[in-house]
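Engineer: Quick one, what's the 3D model for this:
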Amino acid sequence: MKRETAYFAAGCFWGVQARLDALPGVVETQVGYMGGHLPNPDYRSVCSGATGHAETVKAVFDPEQIAYVDLLDAFFQLHDPTQLNRQGPDIGTQYRSAIFPVNDRQRAEAEAGIQRWQGHFPRPIVTTIETADTFWPAEDYHQHYLKRRGGHCHL
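Structural biologist: Residues are numbered from 1 along each chain as shown. The predicted structure is shown next:
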């Protein structure tokens with residue numbers, strides 16, 4: 001099986017992970033932090049807003065079962081990409097809407113995806129496309145939180 005990796009930030013990572021896990025072709029997910037400047041961030045430091053990180057989901061997928069463009073479409077449907085630095089009750093830069101492409105093809109598809117989805121919302125999309133740098137896995141208690149604990153997220 002071929003595998004590729006994608007990184008998305010769309011608010012609280014618990015709900016994003018649960019939604020991506022449900023997609024056929026997504027074989028593994030992990031929640032963590034990306035896009036900041038502090039090495040080895042933890043939940044408390046990220047929530048302070050001082051690290052620059054976003055709550056991010058790493059999705060490993062089989063491109064023969066689901067294309068990156070389909071993941072992008074799911075991303076734009078699972079949150080409100082017109083809200084700057086927030087999703088529902090979660091407010092702060094750590095909850096920003098961001099795509100972290102791992103290569104030039106993903107970057108081009110992310111740019112095209114923003115353009116394609118722009119007219120589907122009443123306000124402009126504020127999703128950023130950021131460099132995929134180091135992905136810092138979140139603490140164990142955050143991994144597959146909704147699956148383990150039940151409940152739901154605002155997404």
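Engineer: Every contact and neighbour count from this point should use C-alpha atoms.
Structural biologist: Will do.
Engineer: any idea where the helices of the chain begin and end?
Structural biologist: Ranges of helices in the chain, per DSSP state H, are 13-21, 43-47, 68-78, 104-117, 145-149.
Engineer: which of these is buried the deepest?
Structural biologist: Highest mean neighbour count of the helices of the chain: helix 13-21, a mean of 22 (counted as mean count of other Cα atoms under 10 Å).
Engineer: What angle do helix 68-78 and that helix make with each other?
Structural biologist: Orientation of helix 13-21 against helix 68-78 (axes from the mean of the first three to the mean of the last three Cα atoms, to 10 degrees) gives an angle of 140 degrees.
Engineer: for helix 13-21, packing partners?
Structural biologist: Helix 13-21 sits against strand 26-34, strand 54-61, helix 68-78, helix 145-149, with contacts defined as 3 or more Cα pairs under 8 Å, 6 or more residues apart in numbering; DSSP states H and E.
Engineer: ok now it, how far from the chain's centre?
Structural biologist: Relative to its chain's centre, helix 13-21 lies at 8 Å (Cα atoms, centre = their mean, to the nearest Å).
Engineer: Put together a markdown table for the helices of the chain, with distance to H37 and mean pLDDT on each row.
Structural biologist: Below are these laid out as a markdown table (distance: least, Cα to Cα, whole Å; pLDDT from 0 to 100):
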| stretch | distance to H37 | mean pLDDT |
| --- | --- | --- |
| helix 13-21 | 19 | 93 |
| helix 43-47 | 11 | 95 |
| helix 68-78 | 25 | 97 |
| helix 104-117 | 21 | 98 |
| helix 145-149 | 26 | 73 |
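Engineer: Cool, thanks, talk later.
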